[in-house]
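Engineer: Structure for this input, please:
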Amino acid sequence: MVLRLSLLLAVLFALWGVVAPEHMASAASQWLNFTIARFGWFYLLSVFGFLLFALYLAFGRFGHIRLGKEDEEPEFSRMSWFAMLFSAGMGIGLVFWGVAEPLSHFARPASASTAPESAEAARLAMRHVFFHWGLHPWAVYSMTALALAYFKFNRGQKGLISAAFRPLLGSRVDGPIGVAIDVLAVLATVFGVATTLGFGALQIESGLQMLFGVAPSDWLTAAIVVVATALFMLSSLTGLSRGIKWLSNLNIALAILLFLAVVVLGPTGFIFDTFTTTLGDYLGNLTSASLRMSPFSQGDWMASWTLFYWAWWVTWAPFVGMFIARVSRGRTIREFMVGVLLVPALASFVWFSAFGGTALDLQLFGGVDLVGAVKTDVSTALYVMLGQLPGGHFLSLLAMLLVVIFFVTSADSATFVLGMFSSGGSLNPSHRVKLIWGVLLAAIALVLLQSGGLKALQAVLIVSALPFMLIMIGMAVSLYRALDDEERDGRRREIRRLRRLEALERGEQS
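Structural biologist: Numbers count the residues shown, from 1 in each chain. Alright, predicted model coming up:
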């Protein structure tokens, strides 16, 4: 039922975009305006609440509980584990926005009192980037992933979002309510991943244009998506322990190579100064930034950036959460939460310091008009920046290859998880189901690109996140109740064990 309903709704949406793209774009824009006006505050409060809950899980009384059996060992090494969760969770986004977002905030600051393209605008730009890509997204991912992992490996439930609601809903999760929850999870995943694939296709197209002079066109975009789809389907069909694992490790190796090249060939001192200064700014303003809206200025910056990102992370949460849960069996809750919450966030900070810091240094002190490149086409910013460094052509080729592989790893992980969600939680969904979802993801990405590009991607993403945000709140409540019950049962067992020991000691003494 979940497979049929979610496929039907996704296909109807794709057909809507094909038959009436202008109508779809207009409707998406209207939904977006309504959602932001009425529920923008709800996005901010919810994601901040997820962060507080994630920190509590990481350092609270449930940290000793192991995901799986008490003596179970992790299936993957820590390095492979980090590589897979990072590749699935952020890949294309980091490469796409690594240069473009800091320069966008630099050219158009969030506050009207900050002069555009000033030193203060640069400082605030980096702080906003850290905020968008730091602890908040990984709090969303880790909370969802922990709920899925705990109910699957510790309670023996199906690998479904609805299974996490059993402490709240009981047997009703096996009926229409559970089906509705799982269908919403599937649709949120489809729109979130399709948006990311759209970003990847745009940046691959820009790379071909700048490096080889290939003229952009709708046919080129379609060809990129088709070729990439064939690649990620081949990877997905090889299974989790082969294709996805190998490509994730390759991703990390290439990302580290590109990062080190930028640090060494770019303004090294400026990069590290940017990192330390921005990290202090970020930590010092974490709470105020988490709750910041703009009711008195009525600006659209929050909708274009923060709310878009919060919606992006929420729509990716079922997919990334299930994938992280699948590869995290055998780890304690404390190890899981610290690893998922802190390590990728720190890696994001370092990445943006290198790429964003280099771009701002070239803009402020190098006489290079990178802001103009961003205003012309946001997807070209990375290549223009790399072109200013020694060996820029080679670095641009490496960046485009990284985008392609991130495209493949994100998409093949998504087809794997969508297959699980629509196959009753099976840890090994059939190739047929994965193939269906792979083709449909590519089709929806193309539809969104053809019906309005980035604006259409952002609008559909923010609107589709709202219902799943409510589901995530329910998951958090259900997870806490289940962990609290287990902790109490554990204390009762320990008290009974101690009493038996005392009774045995008294018997021996008598």
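Engineer: Contacts only, for residue 116.
Structural biologist: Contacts here follow C-beta atoms under 8 Å, 6 or more residues apart in numbering; on that basis residue 116 touches 106, 107, 108, 109. For the C-beta atoms, the positions are set from N, CA and C on the backbone; glycine is no exception.
Engineer: For it, which three-state class applies?
Structural biologist: coil (DSSP: H, G, I helix; E, B strand; the rest coil).
Engineer: now the strands: where do they sit in the stretch 51-200 of the chain?
Structural biologist: Taking DSSP state E, counting those that start in this stretch, the stretch 51-200 of the chain contains no strands at all.
Engineer: Do you have the helices of it handy? List them.
Structural biologist: 78-89, 91-107, 119-133, 135-153, 166-169, 176-212 (DSSP state H, counting those that start in this stretch).
Engineer: So which elements touch the last one?
Structural biologist: Think helix 176-212. When contacts are defined as 3 or more C-beta pairs under 8 Å, 6 or more residues apart in numbering; DSSP states H and E, helix 176-212 packs onto helix 2-19, helix 91-107, helix 218-237, helix 306-326, helix 381-386, helix 392-421, helix 431-450, helix 453-509.
Engineer: any chance of those helices in CSV, plus mean pLDDT and distance to residue 351?
Structural biologist: What follows is the helices and strands packed on helix 176-212, written out as CSV (pLDDT from 0 to 100; distance: least, C-beta to C-beta, whole Å):
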stretch, mean pLDDT, distance to residue 351
helix 2-19, 86, 32
helix 91-107, 89, 5
helix 218-237, 80, 22
helix 306-326, 85, 16
helix 381-386, 93, 12
helix 392-421, 85, 12
helix 431-450, 84, 24
helix 453-509, 81, 21
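Engineer: can I get those in a markdown table with distance to residue 176 and mean neighbour count?
Structural biologist: Converted to a markdown table, those look like this (distance: least, C-beta to C-beta, whole Å; neighbours: other C-beta atoms under 10 Å):
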| stretch | distance to residue 176 | mean neighbour count |
| --- | --- | --- |
| helix 2-19 | 11 | 16 |
| helix 91-107 | 35 | 25 |
| helix 218-237 | 30 | 18 |
| helix 306-326 | 19 | 27 |
| helix 381-386 | 46 | 27 |
| helix 392-421 | 17 | 24 |
| helix 431-450 | 22 | 21 |
| helix 453-509 | 15 | 16 |
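Engineer: can I get those in a markdown table with distance to residue 282?
Structural biologist: Conversion of the helices and strands packed on helix 176-212 to a markdown table gives the following (distance: least, C-beta to C-beta, whole Å):
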| stretch | distance to residue 282 |
| --- | --- |
| helix 2-19 | 37 |
| helix 91-107 | 13 |
| helix 218-237 | 34 |
| helix 306-326 | 14 |
| helix 381-386 | 22 |
| helix 392-421 | 25 |
| helix 431-450 | 31 |
| helix 453-509 | 23 |
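Engineer: and residue 199, which of the ones you listed is closest to it?
Structural biologist: helix 91-107 (4.8 Å; C-beta to C-beta).
Engineer: Residue 35 is nearest to which of the helices and strands packed on helix 176-212?
Structural biologist: Between the helices and strands packed on helix 176-212, helix 453-509 lies closest to residue 35; by C-beta to C-beta that is 5.3 Å.
Engineer: quick one: that closest one to chain centroid distance?
Structural biologist: Remark: helix 453-509 is offset 23 Å from the chain centroid, using C-alpha atoms, centre = their mean, to the nearest Å.
Engineer: So which other helices or strands are in contact with it?
Structural biologist: helix 21-59, helix 135-153, helix 166-169, helix 176-212, helix 306-326, helix 431-450.
Engineer: For the third one, which helices and strands make contact with it?
Structural biologist: In this structure, helix 166-169 makes packing contacts with helix 453-509, judged by 3+ C-beta pairs under 8 Å, 6+ apart.
Engineer: ok and the helix it packs on relative to helix 135-153, angle-wise?
Structural biologist: 50 degrees (axes from the mean of the first three to the mean of the last three C-alpha atoms, to 10 degrees).
Engineer: Would you mind saying which of the helices and strands packed on helix 453-509 lies nearest residue 76?
Structural biologist: Residue 76 sits nearest to helix 306-326 of all these, at 10.1 Å, using C-beta to C-beta.
Engineer: Show me what the closest one is packed up against.
Structural biologist: Counting by 3+ C-beta pairs under 8 Å, 6+ apart, helix 306-326 packs on helix 21-59, helix 78-89, helix 119-133, helix 135-153, helix 176-212, helix 392-421, helix 453-509.
Engineer: Skipping its backbone neighbours, what lies nearest residue 43 in space?
Structural biologist: Excluding the flanking residues, the one nearest residue 43 by C-beta to C-beta, 6 or more residues apart in numbering is residue 310, at 4.8 Å.
Engineer: residues contacting the one you found?
Structural biologist: 43, 44, 47, 136, 465.
Engineer: Would you list the buried entries among the residues you listed?
Structural biologist: 43, 44, 47, 136, 465 (16 or more other C-beta atoms under 10 Å).
Engineer: Excluding chain neighbours, give the residue nearest to the second one in space.
Structural biologist: Of all residues not flanking residue 44 in the chain, residue 291 sits nearest, at 5.9 Å (C-beta to C-beta, 6+ apart).
Engineer: For burial, what's the neighbour tally of that neighbour?
Structural biologist: 10 (other C-beta atoms under 10 Å).
Engineer: Surely residue 486 touches residue 65?
Structural biologist: Yes - shown here, residue 486 and residue 65 form a contact pair, counting by C-beta atoms under 8 Å, at 6.6 Å.
Engineer: Can you tell me how far residue 231 is from residue 462?
Structural biologist: Taking C-beta to C-beta, to the nearest Å as the measure, residue 231 falls 29 Å from residue 462.
Engineer: wait, I meant residue 142
Structural biologist: 22 Å.
Engineer: and if you look at residue 281?
Structural biologist: In terms of C-beta to C-beta, residue 281 sits 26 Å off from residue 462.
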